[in-house]
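In: Any chance you could fold what I've pasted below:
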Amino acid sequence: MAVTLTLEGRKIPDIAGFYAELNRVFMADEDWQLGASLDALDDLLYGGYGVLRNAGPVTVIWQDSAISRTGLGRDATRAYYRAKLDQPGRFDVSRIAQDLAALERGEGPTYFEIVLQIFTGHPEITLVLA
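Out: Residues are numbered from 1 along each chain as shown. As a prediction, the model looks like this:
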């Protein structure tokens, strides 16, 4: 069965808001919530749980995506990387430092762009930026 979902970009002013909105849209019928993790987003989009479990073709309409693009932009991405650098036991700080340096040079993707890349890796899901 085809499914159409709508993300409300006005509810995504930052990374925390992004995951809150994902949980509202994708995980409403689950008794647990998706953690704030790009890997968790990727896992979600494979469709094993939440509203995507056993779903047919999926279209996700991201309304007011320009608001989210700003909220998940360079500043949010910089803060995201810096928080990871503060946890050298949990993360590959060498790689993260390289990612941060690329971001600062204007060469690395923002959090928003990384999210778009993750969606692109799931051809059974059509993402429409509105």
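In: Run through the residues that contact the residue positioned nearest the centre of the chain.
Out: By CA atoms, centre = their mean, the mean C-alpha position of the chain lies nearest to residue 115, the distance being 4.2 Å. Going by CB atoms under 8 Å, 6 or more residues apart in numbering, residue 115 touches 18, 38, 41, 72. Placement of C-beta: from N, CA and C, glycine included.
In: neighbour-wise, which of those leads?
Out: In terms of neighbours by other CB atoms under 10 Å, these top out with residue 72 at 26 neighbours.
In: mind listing the helices for the chain?
Out: Per DSSP state H, the chain carries helices over the ranges 15-26, 38-45, 65-71, 74-85, 93-104, 111-120.
In: Give me the contact list for the third one.
Out: It refers to helix 65-71. 7, 9-10, 12-15, 17-18, 62, 110, 112, 129-130.
In: Select only the buried ones of those residues in ChimeraX?
Out: Buried residues within the contacts of helix 65-71, by 16 or more other CB atoms under 10 Å, are selected in ChimeraX with:
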select :7,9,12,14,15,17,18,62,110,112,129
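In: Format the contacts of helix 65-71 as a markdown table; extra columns: pLDDT.
Out: Formatted as a markdown table, the contacts of helix 65-71 follow (pLDDT from 0 to 100):
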| residue | pLDDT |
| --- | --- |
| 7 | 98 |
| 9 | 98 |
| 10 | 98 |
| 12 | 98 |
| 13 | 97 |
| 14 | 98 |
| 15 | 98 |
| 17 | 98 |
| 18 | 98 |
| 62 | 98 |
| 110 | 98 |
| 112 | 98 |
| 129 | 98 |
| 130 | 97 |
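In: Any chance of CSV for the contacts of helix 65-71, columns distance to residue 123?
Out: Listed next are these as CSV, based on distance: CB to CB, whole Å:
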residue, distance to residue 123
7, 19
9, 23
10, 28
12, 23
13, 29
14, 28
15, 25
17, 27
18, 22
62, 17
110, 23
112, 20
129, 17
130, 20
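In: ok, the contacts of helix 65-71 vs residue 119, which is closest?
Out: Proximity of the contacts of helix 65-71 to residue 119 (CB to CB) peaks at residue 62, which lies at 9.1 Å.
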